[in-house]
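S.K.: this is the structure alone, sequence omitted:
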Ligand code: 16G
Ligand code: MG
């Protein structure tokens, strides 16, 4: 490593005094103006990680659903996964090192991780549409170059597309071509193939309105829709030509406010969906005949997909294991439906894609979704080989068809990560094949009314949790207080956890009616405020907060 060159270059990307950041569930994320040094240093780190793994590493510049002024960065590991936990610690150390300590910290990481510095390094870079992203990705490139790494800058990409590129490059093209056309072709071909078996339904059934959050999803979907134009017609809204990124639109807005985004015209019973700012999340929704809004979230996506998969799996007669992974945010009705009606095993993990992904890898077929719309289906290598072999060999027509269908599903899911575009195509294919309307899909089960609130506390780390975040172990007395409150309501459940992305504590409650869910969430917020060092204004009852918002 040419440490002198690193020091010199680093001075051009100097770290502001006193700023400390942590590599969290979503990488680094904060105001864009504070991130230049982090980007440069993540370029450095990506080179070390690439040398250590002897593979291509990805760097994605995005802050997903955060406001337009924010930005962030994530590293993508060789098989398209999130960065390994020990390297998250290296990332945090490197980002927080004072200028004069930077060379020493770099050498330290190299030693601790046993990096062979003579190995070549290759880094691929992608970015979202934020005004700050282009310059910040140039800082990543500066970091890569000063350590002698090679790179390919893909420019504008969705986060899942960058994961795809990394995965393709590290599997010598076997998974697909590491180009944007390669991505469009692979997914569209699988979609077209899968929907061939759908009996023709009316045009209106094949139209989908997509709110693109004024983000990168709009650009990419506009390019891609020509590849599957016969099977599905998508109409783009919030495509970035006027509105602000994630402002009053996008999956996060729709899920947390439980209302439609601005900028989309919804007629009753029309199927609509929203992506988030980097297109790795998707939720569906519609208005009924009375103008009532209905959200069809990640839990219902998991329910639709797993019930769809059960049939062909049964047909091929091979005992491949199927499991569903959720988080504590999964609606209680969804868990009950999956376990009791669908009879599939359901597991709960901590919040954050990497935790769900990890658990899902334990099954031949692991379906994982967060209620907020992050998710995918993972097929183990063994399951994939088995299915592909059966699709070729099976004699009986019905069975071969089922195996073929599963084969297309495998190709349609972006196996590197959850992907709003690929999830959308899978969902659209299933609805077409099953002849289901969005209302029929929504009617699989009825969500329990729920409410999420935020509480400001002096130090959110005073709360620690166990049992996949469903129980608070600290501060003392908090869980007991929650238990007492929960007892007051029917079909109720509540939990609290420190956010991994904002400086707040999150509260979740569900109960038999919206009033009760609201009131339980409020009471739990008060308990957090009192027992976990709340600051600022005391939490207010939900209807008051809501009136203030209007
Ligand atoms: C990040 C996570 C998401 C999680 C969210 C929770 C990834 C790619 N993203 O956006 O899965 O739901 O954080 O945020 O892992 P919170 O900790 O603020 O509630
Ligand atoms: Mg996102």
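M.R.: Everything's here; your move. Not measured: the values here are computed from a predicted model. Ligands and ions are numbered 1, 2, ... in the order given.
S.K.: show me what the mean pLDDT comes to for stretch 174-191.
M.R.: What stretch 174-191 shows for mean pLDDT is 96.
S.K.: that should have said stretch 252-263, apologies.
M.R.: pLDDT averaged over stretch 252-263 gives 94.
S.K.: just the buried positions in it, please.
M.R.: For stretch 252-263, the neighbour count (16 or more other C-beta atoms under 10 Å) marks 252-255, 258, 260-261, 263 as buried. Bear in mind the C-beta positions are built from the backbone N, C-alpha and C, glycine included.
S.K.: that stretch: end-to-end distance?
M.R.: Stretch 252-263 has its terminal residues 15 Å apart, counting by C-alpha to C-alpha, to the nearest Å.
S.K.: select from the buried residues of stretch 252-263 every entry located in helices.
M.R.: 252-255 (DSSP state H).
S.K.: from those residues, pick the one nearest ligand 2.
M.R.: Using C-beta to the ion, residue 252 is the member of those that sits closest to ligand 2, with 8.1 Å.
S.K.: how about the closest one: what's its closest non-neighbour residue?
M.R.: Spatial nearest neighbour of residue 252, chain neighbours left out: residue 65 (3.7 Å); criterion: C-beta to C-beta, 6 or more residues apart in numbering.
S.K.: what sits opposite the spatially most central residue of the chain in the beta ladder?
M.R.: Centre of the chain computed as the mean C-alpha position; nearest residue by C-alpha atoms, centre = their mean is residue 374, 3.5 Å away. Per DSSP bridges, the residues bridged to residue 374 are residue 281.
S.K.: just to revisit the earlier point, turn the buried residues of stretch 252-263 into CSV, columns for distance to ligand 1.
M.R.: CSV is the format used below for these (distance: C-beta to the nearest ligand atom, whole Å):
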residue, distance to ligand 1
252, 9
253, 14
254, 15
255, 10
258, 17
260, 21
261, 19
263, 23
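S.K.: wait, what's in contact with the residue of the stretch 101-250 of the chain found nearest ligand 2?
M.R.: Scanning the stretch 101-250 of the chain for the residue nearest ligand 2 gives residue 159, at 6.1 Å (criterion: C-beta to the ion). Contacts for residue 159 (C-beta atoms under 8 Å, 6 or more residues apart in numbering) come out as 60, 62, 64, 74, 126, 128, 278-280, 417.
S.K.: try residue 111
M.R.: With C-beta under 8 Å, 6+ apart, residue 111 has no contacts at all.
S.K.: touching, residue 366 and residue 358? I think so.
M.R.: No: using C-beta atoms under 8 Å, residue 366 is not in contact with residue 358; the gap is 9.6 Å.
S.K.: the two - which one has more neighbours?
M.R.: Set residue 366 next to residue 358 and count neighbours by other C-beta atoms under 10 Å: residue 366 wins out with 24 against 17.
S.K.: count of residues packed around the residue nearest to that one when sequence neighbours are not counted?
M.R.: Closest residue to residue 366 apart from its sequence neighbours, by C-beta to C-beta, 6+ apart: residue 360 at 2.8 Å. Look at residue 360: counted by other C-beta under 10 Å, it has 24 neighbours.
S.K.: excluding sequence neighbours, find me the nearest residue to the closest residue to ligand 1 within the stretch 251-400 of the chain.
M.R.: Closest to ligand 1 within the stretch 251-400 of the chain is residue 353: 3.6 Å, counting by C-beta to the nearest ligand atom. Counting by C-beta to C-beta, 6+ apart, residue 374 is the residue found nearest to residue 353 once chain neighbours are left out, at 5.4 Å.
S.K.: again, but for residue 452
M.R.: Looking at residue 452 with C-beta to C-beta, 6+ apart, the closest residue is residue 508, at 5.3 Å.
S.K.: so the one you found, which state does it fall into?
M.R.: strand (DSSP: H, G, I helix; E, B strand; the rest coil).
S.K.: mind listing what the residue of the stretch 401-550 of the chain found nearest ligand 2 touches?
M.R.: Of all residues in the stretch 401-550 of the chain, the one sitting closest to ligand 2 is residue 420 (8.2 Å; C-beta to the ion). Neighbouring residues of residue 420 by C-beta under 8 Å, 6+ apart: 158, 160, 217, 251, 275-276, 279-282, 373.
S.K.: got those residues as TSV, with neighbour count columns?
M.R.: Converted to TSV, the contacts of residue 420 look like this (neighbours: other C-beta atoms under 10 Å):
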residue	neighbour count
158	29
160	27
217	36
251	31
275	32
276	33
279	32
280	31
281	30
282	28
373	28
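S.K.: strands of the stretch 451-550 of the chain, start to end?
M.R.: Remark: strands assigned in the stretch 451-550 of the chain by DSSP state E, counting those that start in this stretch are 464-466, 471-474, 493-498, 505-510.
S.K.: most packed of those?
M.R.: Each of those was scored by mean neighbour count; the highest is strand 505-510, a mean of 25, by mean count of other C-beta atoms under 10 Å.
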